[in-house]
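Visitor: Build the 3D model from these lines:
(4 chains)
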Amino acid sequence: MSPGTQGRRTPGADLPGHPDRLWRSAEPKRAYDVVIVGGGGHGLATAYYLAKNHGITDVAVLERGWLAGGNMARNTTIIRSNYLWDESAGIYEHALKLWEGLEEDLGYPLLFSQRGVLNLAHSLQDVRDSVRRVNANRLNGVDAEWLTPEQVKEVCPIVDISPDVRYPVLGGTYQPRAGIAKHDYVAWGFAKAAADLGVDMIEHCEVTGLDVRDGRVTGVQTTRGPIAAKKVALAAAGHSSVVAGYAGVSLPLQSHPLQALVSELLEPVHPTVVMSNAVHVYVSQAHKGELVMGAGIDAANSYRQRGAFHIIERQMSAALELFPVFARAHVLRTWGGVVDVTPDASPVVGLTPVEDLYVNCGWGTGGFKATPGVGWCYAHTVATGEPHPLNAPFSLDRFTTGKLVDEHGAAAVAH
Amino acid sequence: MADSVADSVAEPAVGRRSPAAAFAARFEAASAGGSLRLAEIPFLAQINLRVDPKSPAAERIGTAIGVPLPVEPGTTAGGGDLEVLWLGPDEWLVVGPDGAARDLVERIEEAAAGEHVSVVDVSAQRTTLVVGGERARDVLAHGCALDLHPRAFGPGRCAQTMLARAAVVLVAGEDGFRLLVRSSFAAYVAEWLLDASVEYVAGG
Amino acid sequence: MLLIPCPWCGPRDEAEFHYGGQAHVAYPEDPAALSDEEWARYLFFRDNPKGLFAERWSHTAGCRRWFNAVRDTATNEIHAVYRTGEPRPVIA
Amino acid sequence: MTAQPYRREGVTGKTVRFRFDGRDYEGLEGDTLASALLANGVRAVASSVKLGRPRGVYAAGCEEPNALVQIEEPFPEPMLQATTVELYDGLVATGLPGQGRLADRPDPARYDAVHAHCDVLVVGAGPAGIAAAGVAARAGGRVILADERPEPGGSLLGTTETLDGRPGREWAAEEVAALAALPEVRVLRRTTVVGHYDDNYVVAVERRTNHLGAAAPAEMARERVWRIRATRVVLATGGHERFVAFAGNDLPGVMLAGAARTYANHYRVLPGRRAVVFTTDDSAYAAALDLADAGVEIAAIADVRRAPGEAWAARCAERGIEVLTGYVVTAAKGEGEVSSVEIGPRGAGATREVAADLLLVSGGWTPVVHLFSQAGGTLRYDEGLGAFTPGETRQAVEAAGFARGVGGTGVRTLRACLEDGAEAGRRALAAAGFAVASGHRLPAAEEEPTAAPAEHLWLVEAGDYGTHFVDLQRDVTVADVLRATGAGLTSVEHVKRYTTAGTAHDQGKTSGLLTSGVVAHALGVDVAELGTTTFRAPYTPVSFAALAGRDRGPLHDPVRVTAMHEWHVARGALFENAGQWKRPWYYPRPGEDMEAAVLRECRAAREDVAAMDASTLGKIDVVGPDAAVFLDRLYTNMMSTLKVGSIRYGVMCRPDGMVFDDGTVIRLADDRFLVTTTTGNAAAVLDWMEEWLQTEWPDLRVHCTSVTEQWATVALVGPRSRAVLARLAPGLAVGNDSFPFMTWRDTEVAGIEARVCRISFSGELAYEINVSSWFGLALWEAVMASGEVTPYGTETMHVLRAEKGFPIVGQDTDGTVTPQDLGMEWIVSKKKADFIGKRSYARADTSRPDRKHLVGLLPEDPGVLLPEGAHLVETSALPEPPVPTLGFVTSSYRSAALGRTFALALVSGGRERVGERLYAPVGADLVPVTVTSHVLYDPEGARRDG
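Guide: All right, here's what the predicted structure looks like:
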């Protein structure tokens, strides 16, 4: 070794590896008790809990591309439960509790790191909304604190809290139990565990039709042939409208590109997760050292997994307002996912007008954090034919009654 | 019609202040090198006109002010001390000298003769900034996505567009560009222009 | 950054426009006559196709006119723009 | 300090001094950090991220996977490739162990962005790109030619090829200089095209002052983002050489053959003394011969093929260079760097060890298709090339030269690239609408040997794949790939994620195809079928600061100010950001805190006279025969019955019935109204009006025009406001009968033409005086001149209105609140057949009795101020969570008028709870409060007439 490189730390050395066996891509059988359309995090978690909690193992997860290659592979991995409304807090907090035992449950190192999440406030109204959310969280048993700018600085010393910036940091909410996990590991942990329980993982199998007879779903048409199913559970994220449309079910969804990016590996500078909805930035530093940042969604509907450049520029100018030390970090890679957004920025999980056809969609920019929680509840819904109490508020008919769960109005916590 | 919102104010000798008045000295300093010219033209009369271009009123208005309303999108028409900017398919901005607003409103409303038109004095809604000199295009290109090449945006062209984060009406003239900027944005645009000019001014 | 051909101003950057979602969704003639389901459909349900989509745009930073476009949401290619009130053109 | 031992003999130039890993060195002007380190014999530049193995310079450009450095001075910059860092005096750098380090101080440099437009954008100033740009430019096209290097030439820089009888790089320099002199041509050096977006929106980053070090002029942007909109794009991006996976292929001293050739020819540096060459195609022969000419001993060439190009073999034979066909390198060996190379026949057979300090590898060349792929183009596998080449695209872009795989053998041929580039330039300009004459003269290239077919070898088979590196930077080996495929993974994307291959700083430029090849090998499938991973922007890393550009600090977002702003600043007002506006929040006097200032301002407004700058309210002129009908449809209440000369308050809702905005409507004439909006919603309301008019009701004859900034507005408030106004407007009859509440008058105030409205947002006698914003400051100064009027800010305005129970949209509403929830049943017309939002009030949820209502709250302790955002519960002790909330505090203040604190809150079934005691959890306490009406001050409205 040269004198210049000897004895240095190797920052990548301490990361856990993967097991030697994950899953074998299965050939589709002719029929299953349950077919799950979409092999992303939600589909895989649903399969796992169907098998584990309900003993239903004659299950196929159909994935049009490679497993967990959609939004699961593209999100910024933030996990938190500090949502405004009781209904949201219920399902996200259930998810967070599951996250806290998930590595053990799945037997997979998920790099789940409860490093806390800060949501910054930049206007007096942001402050009101934030305090409102903190107080709501506490009543719901969700850990939450309101921090002054100085306390924000203690949690994350690189945040610029000077009053001279265009939109000064007036404080922030902090959820200490929140954090991040490694998205691929989570998907693969669920996939491996579900496969071990007998679930078939069928990749490169795109659903091209839903068979509906007498108002009841009976199976799916795929690029690898027809598959009969007693129940079909949709978990197709950005493509939910397309798939549900095969059964004549309309969903109140619009699909938009959402972008994210990473920097090169950097020495640790950022100990937590910072989100700033007012200026549309969310950033954490992943385990190997790269900064992971999310941007806003493109305004127009699109299924291109690619966003527009000006969104990135805008986001970066906001990011440097908060974190001037990031100036000479470099963007290595940007990418986009397709997110399905509902009118009230809350998901749709439950029954559909077609019998035995279930839907889980509309998670917008926030689906990753819910993965175990929604898998648990959705599996219950599919297994019993009745919504789990935690997803009952997220039924389709709320758009008719008007009982929306509006998560973008007051709290601005869309992500 | 009862009294109009549009009625321009009388002209007391003192007390008027234009939105970019505080920038006069800095504009002058930035213009000293000769490669760039920044200045405010304050207090121009500006009348926002909405009328169906195919209506007789549109033609009468053109006659009354002595400038036919330009119907080609993104163009201007001039005559005497007036210039008419195309803003939209049924919308124009009539720009005249300081003090001309009241007279313009009266002439246009008279020509409209009761037809459905909208005539609004917006003289104080926007101020006018000049960006001239050989580096004018370079400076504007930092924040304007339009192709400002003379082939695409030569004299006689105008456009509503964005300059950096501000909405502007951009007008190409023989000796540079004019920016019509919302009054509340004038300080931002002025600061932005001065900042964009740093390299060109320093380099001569 | 799409280049969107405003029917009046010509091609302009996407950032000058405001997106208006699905086109040809008329405000109901008589909302009071609608069932809750029908009203919900008007309020919240819009098509979300992967492929050709007739949608509304407003050139907010330019001439402030609303117009319609047919765009392929899988490729972002704009096949046609047309003025509000005109029928959706047939795209081969 | 030593002389540069590996510098070729007889090379002179300007000496540049730099420091690396704590040692001082000298290089030459024109060096990169990599070439200077090589010249000084520094082999190990960095250490690897996972295994900590020493790593040396592997490539000569942006594809470098190994030689990662941290810049320390003149300003810290994390993780750059030594191969792309131009050397300058005073450069201090260190080799990286995988992680870079950010500066702990603000970056003083300037960054900017610029828009550019052209008929043809040519990416890459190599032979194909220069030819393309030359044809397009000479035919009169607006051409941008962008190249990432400091000088043009591309692949010509690394060779000894001649054009028109002189060195290729000289031809390139002269031709590009000639093009740059054309008026419609822009040549961008040191400019990397990093992103290709929809509709030929192409993003490039120009590095403008990096190479100047500390001498960089401060006013010059260090990096510039070019946002280019091109009618046509020609991608002449050339190719990257790839390596082969064999044991020890990461040792310092192992280098891509083409890179070594570049170091020898362009940088005049010998990357070693004695080399073994390992190749799968003909291209490495040229490298070997050039290096031999430069003085490197070529110990042997191991060619995996049985039949290398005959001409090349002959040339080697002439020089006595041993060519071993059907041979592979089985291992590079050495302690910390290459000292010997083990070679042997492919498959099996006796190996032998050859002493060498340099191992040149060529695993073939991969066309650089990143931008084509980013543009949405498909890729197809080219068997001859052993790589993916551009296929179809809907965008107006094409590849040219080697980027298109011209030649088809994997070996770039100069003449073919020139011709292909010229053709592409001609096509592009013609497609952009130009008449292009044929007959552009191309320079004469030397005769090149016909290339023999390449053989595509991904890995040298072995028993142990532990040091067969696939991705050098991520320390991914063939063993790792095999483990991934063994775990059941069958897609390259999965393997990439399992192993992290291709995710490093170089984004897999040298390793991407190799990974695919190894995965295909492991799974026994075809690379063509397996495909490759997605190419994502940016092509090379881009600094955050470049992307942020000048939208920083005060220019981050426009600061909107009123005509009176300077006065507020001079008076020491503190400001609140209200959207983009800066609004005076309160005006503290010396020694006053916010509470004291606001109480004083409130008292002045209630007991005396006070004034606020209300200019930020949105104002829209609505005119036309159908204006009244139009406003009836937008507002929940009736506007058509409003009399000319009068004013009415109104609320607008969304179709879902939720409050969207509120304000006053002034009827100026039968067909003319002036509508005011909240400060934050001015643009949104105007857009809302235009949307309905244009898309739903084009039959209505109405025009809307924003006049927000035409007018400056002063709110004059308090029992003495009438007296102040009377003095300022002697021509105005200010009596209550002649100027009643909710009417307006045109008059002169302080000699300025003005419209005075008698409206009140405080419950007090109040006026809003509107003048041309040119006179806003003059009016304000006139109002303030006597010193009797107290200026007040938004905080006081909020207190005053809250005492009266007037809601603020966005503070007391959150998009889920109806007018009925606000206690404004009276403003929701029962007479109108329809208005926007009406239908929604018949839905189940909007008619629930337990909806949240706006109510007042009085803390039982009148000194306790509830935090805004506090929630309310029914019980005096908190049960275990989850505890259902009854609602929350939207506004909370100390009231001078009430002599106590109070709050507004949205409370479930709140109007039925008036008189009830509820509890607000605040910290560890439960604060008892009493629910009251939301109108707490002067409920009879006795004060508004003074």
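
Visitor: List the contacts of the residue in the stretch 1-150 of chain A that chain C sits nearest to.
Guide: Per C-beta to the nearest C-beta, A:R64 is where the stretch 1-150 of chain A lies closest to chain C, at 11.9 Å. From N, CA and C alone the C-beta is placed, and that goes for glycine too. Residues near A:R64 by C-beta atoms under 8 Å, 6 or more residues apart in numbering or on different chains: A:H204, A:C205, A:E206, A:V207, A:T223, A:H239.

Visitor: If we use 6 Å, what do you get?
Guide: A:E206 (C-beta atoms under 6 Å, 6 or more residues apart in numbering or on different chains).

Visitor: measure it to chain B for me?
Guide: With distances taken as C-beta to the nearest C-beta, to the nearest Å, A:R64 is found 37 Å from chain B.

Visitor: Give the helix, strand or coil label for that residue.
Guide: What DSSP: H, G, I helix; E, B strand; the rest coil gives for A:R64 is coil.

Visitor: I'd like the distance between it and A:R224.
Guide: Distance, A:R64 to A:R224, using C-beta to C-beta, to the nearest Å: 10 Å.

Visitor: all strands for chain C, in order.
Guide: C:3-6, C:10-13, C:18-22, C:52-58, C:66-72, C:78-83 (DSSP state E).

Visitor: The third one and chain A, are they touching?
Guide: Yes - counting by C-beta under 6 Å from any C-beta of the partner chain, contacts between strand C:18-22 and chain A involve C:Y19.

Visitor: what angle separates that strand from strand C:66-72?
Guide: Counting by axes from the mean of the first three to the mean of the last three C-alpha atoms, to 10 degrees, strand C:18-22 lies at 70 degrees to strand C:66-72.

Visitor: Can you mark which positions in strand C:18-22 are buried?
Guide: If you call a residue buried by 16 or more other C-beta atoms under 10 Å in any protein chain shown, then strand C:18-22 has these buried ones: C:Y19, C:G20, C:G21, C:Q22.

Visitor: least trustworthy helix or strand in the chain by mean pLDDT?
Guide: Because you didn't say which chain, this covers chain A. Lowest by mean pLDDT, DSSP states H and E among the helices and strands of chain A is strand A:290-297, with a mean of 90.

Visitor: Please refer instead to chain D.
Guide: In chain D, the helix or strand scored least confidently by mean pLDDT, DSSP H and E is helix D:527-530, which has a mean of 90.

Visitor: Point out where the chain drops to low pLDDT.
Guide: Just going to use chain A. Chain A contains residues with pLDDT under 70 at A:1-15, A:409-415.

Visitor: that's the other chain; I wanted chain D
Guide: For chain D, the stretches with pLDDT under 70 are D:1-2.

Visitor: In it, spot the helix with the most residues.
Guide: Looking across chain D with DSSP state H, the single longest helix is helix D:414-431.

Visitor: what comes into contact with it?
Guide: Contacts for helix D:414-431 (C-beta under 6 Å, 6+ apart): D:120, D:127-128, D:131-132, D:135-136, D:139, D:141, D:161, D:232, D:234, D:236, D:398, D:400-402, D:406-407, D:436, D:440, D:442, D:445.

Visitor: near chain A at all, stretch D:185-193?
Guide: No - Stretch D:185-193 is not in contact with chain A by C-beta under 6 Å from any C-beta; minimum separation 12.0 Å.

Visitor: and the stretch 101-250 of chain A, which of its residues are near chain D?
Guide: So the stretch 101-250 of chain A meets chain D at A:S123, A:R128, A:V131, A:R132, A:N135, A:L139, A:N140, A:G141, A:R166, A:D184 (C-beta under 6 Å from any C-beta).

Visitor: What of chain C?
Guide: Within chain C, the residues that sit near chain D (C-beta under 6 Å from any C-beta) are C:M1, C:L2, C:L3, C:Y27, C:P31, C:D36, C:W39, C:L43, C:W66, C:N76, C:E77, C:T84.

Visitor: farthest pair in those residues?
Guide: C:L3 and C:D36 (42.0 Å; C-beta to C-beta).

Visitor: What residue in chain B comes nearest to chain C?
Guide: Counting by C-beta to the nearest C-beta, chain B gets nearest chain C through B:G88, at 3.8 Å.

Visitor: List the residues that contact the nearest residue to that residue once chain neighbours are set aside.
Guide: Take B:G88 and drop its neighbours on the chain: the residue closest to it by C-beta to C-beta, 6 or more residues apart in numbering or on different chains is C:C63, 3.8 Å away. Neighbouring residues of C:C63 by C-beta under 6 Å, 6+ apart: B:G88, C:W8, C:C9.

Visitor: Now do the helices in chain A.
Guide: Ranges of helices within chain A are A:41-54, A:86-106, A:124-139, A:149-155, A:183-196, A:240-245, A:309-322, A:367-384, A:398-401, based on DSSP H.

Visitor: Can you add mean neighbour count and give those helices back as JSON lines?
Guide: Below are the helices of chain A laid out as JSON lines (neighbours: other C-beta atoms under 10 Å in any protein chain shown):
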{"stretch": "helix A:41-54", "mean neighbour count": "27"}
{"stretch": "helix A:86-106", "mean neighbour count": "20"}
{"stretch": "helix A:124-139", "mean neighbour count": "23"}
{"stretch": "helix A:149-155", "mean neighbour count": "16"}
{"stretch": "helix A:183-196", "mean neighbour count": "26"}
{"stretch": "helix A:240-245", "mean neighbour count": "23"}
{"stretch": "helix A:309-322", "mean neighbour count": "24"}
{"stretch": "helix A:367-384", "mean neighbour count": "25"}
{"stretch": "helix A:398-401", "mean neighbour count": "21"}
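
Visitor: Kindly present those helices as JSON lines, with separate columns for distance to chain C.
Guide: Shown next, in JSON lines, are the helices of chain A (distance: least, C-beta to the nearest C-beta, whole Å):
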{"stretch": "helix A:41-54", "distance to chain C": "18"}
{"stretch": "helix A:86-106", "distance to chain C": "17"}
{"stretch": "helix A:124-139", "distance to chain C": "23"}
{"stretch": "helix A:149-155", "distance to chain C": "31"}
{"stretch": "helix A:183-196", "distance to chain C": "23"}
{"stretch": "helix A:240-245", "distance to chain C": "4"}
{"stretch": "helix A:309-322", "distance to chain C": "5"}
{"stretch": "helix A:367-384", "distance to chain C": "17"}
{"stretch": "helix A:398-401", "distance to chain C": "4"}
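
Visitor: Serialize the strands of chain C to CSV and add fields for distance to chain B and mean pLDDT.
Guide: Formatted as CSV, these follow (distance: least, C-beta to the nearest C-beta, whole Å; pLDDT from 0 to 100):
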stretch, distance to chain B, mean pLDDT
strand C:3-6, 8, 98
strand C:10-13, 4, 97
strand C:18-22, 12, 97
strand C:52-58, 11, 98
strand C:66-72, 10, 98
strand C:78-83, 9, 96
